[in-house]
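1. build me a model:
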Amino acid sequence: MKSARYLFRLDDACPYQKKENWKRVLSLFSSYFIKPLIAIIPDCQDPELCMLPYQDDFWNKARQWQADGYPIALHGYQHRFHKTKKSIIPLNAYSEFSELPLEEQRTKIKKAWGIVKEQGLLPHYWVAPAHSFDANTLLALQEETPIRIISDGFALAPFRWEGFLWIPQQLWHPRPMMGGTYTICLHPNEMEEKDFLLLQRFLERYHQSCPSWDEMVQNKYSNFPWRRWEHKLFMYAKILKNKLKKRNN
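-> Alright, predicted model coming up:
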């Protein structure tokens, strides 16, 4: 078994943020020459996020991230949720997109894409708020954007399905794993001192096992045949869903 590879993703980038947290986490990654995927909310209307300080210079920073080579993801539209029972990734019972009609999803994604494009950004990745989206979301992405890469799903390597390259995202805290490709999703606005220390210790030990997102897209570090893992998304999602149910009971 080959050693594991680790990617990092930073969610909820928007004008409402804990500025020092974002500065600190990006500085930490920079010290190891790692560029995490930055997931940007185009028009944040999330009540909880909107309680954070507003940063007038956010879009200037976002353009600088892109210029500096950070991969950018479209993180939904407004990050506002409704209840749902159906999602490709069955992790949460709420979503910004799942179960909405195709035309409504197309409108949301079209507006989201228009905002980031107007700001001079060109995201190549899709990150669904709450990991929750459905087949209509995929159709809307294909019809309204050039995005063909999704950061989500439970598998041990990237795979292709429904016209998209899926780069799995399975972890929310740094931890060593066996062979495979793992995306670690962090929320800088929620990070505390212990989280920064954990990340620093992990990077000290495993930074050489952190390829760039471009390298993963080009299949330079796939530990398993890509097609072998097509459709495994659903198996892993169902297993995880059952584990979460048992934990909550």
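2. now do the same contact list for the residue nearest to Tyr94 when sequence neighbours are not counted.
-> Counting by Cβ to Cβ, 6 or more residues apart in numbering, Phe81 is the residue found nearest to Tyr94 once chain neighbours are left out, at 4.2 Å. Heads up, the C-betas are built off the backbone N, CA and C, glycines and all. By Cβ atoms under 8 Å, 6 or more residues apart in numbering, the contact list for Phe81 reads Tyr94, Ser95, Glu96, Pro129, Ala130.
3. try 7 Å this time
-> For Phe81, the contact set (Cβ atoms under 7 Å, 6 or more residues apart in numbering) comprises Tyr94, Ser95, Glu96, Ala130.
4. quick check: ChimeraX command selecting the buried ones in these.
-> A single ChimeraX command selects the buried members of those (16 or more other Cβ atoms under 10 Å):
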select :95,96,130
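5. now the contacts of Phe81 in TSV, with pLDDT?
-> Conversion of the contacts of Phe81 to TSV gives the following (pLDDT from 0 to 100):
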residue	pLDDT
Tyr94	83
Ser95	85
Glu96	83
Ala130	88
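6. from the contacts of Phe81, which two are the most distant?
-> Maximum pairwise distance among the contacts of Phe81 (Cβ to Cβ): 8.4 Å, between Tyr94 and Glu96.
7. what ranges do the strands span in this structure?
-> All strands of the chain, identified by DSSP state E, fall at 5-13, 37-40, 72-74, 82-83, 94-95, 125-126, 149-151, 159-161, 164-167, 181-186.
8. on that earlier part again, need phi/psi at the residue nearest to Tyr94.
-> The phi and psi values for Phe81, taken as degrees, to the nearest 10, are phi -120, psi 150.
9. show the pLDDT at it.
-> According to the prediction, Phe81 has pLDDT 88.
10. ok, now how distant is it from Leu197?
-> Separation of Phe81 from Leu197 (Cβ to Cβ, to the nearest Å): 31 Å.
11. repeat for Phe58
-> For Phe58, the distance to Leu197 equals 27 Å [Cβ to Cβ].
12. of these two, who's got more company?
-> Ranked by neighbour count (other Cβ atoms under 10 Å), Phe58 and Leu197 place Phe58 first, with 19 against 10.
13. thinking again about what came up before, with respect to Ala112, which of the contacts of Phe81 is nearest?
-> Closest to Ala112, out of all of the contacts of Phe81 and judged by Cβ to Cβ, is Glu96, at 9.9 Å.
14. now do the contacts for the closest one.
-> By Cβ under 7 Å, 6+ apart, the contact set of Glu96 is Gly76, Tyr77, His79, Arg80, Phe81, Pro129.
15. quick one: end-to-end distance for stretch 41-60.
-> Terminal residues of stretch 41-60 are spaced 15 Å apart (Cα to Cα, to the nearest Å).
16. average pLDDT across it?
-> Stretch 41-60 shows a mean pLDDT of 95.
17. same thing with stretch 8-17?
-> Stretch 8-17 carries an average pLDDT of 96.
18. list the contacts of that stretch.
-> Stretch 8-17 is contacted by residues 25, 29, 34, 36-41, 44, 49-50, 52, 54-55, 58, 75, 127, 151, 169, 183-189 when judged by Cβ under 7 Å, 6+ apart.
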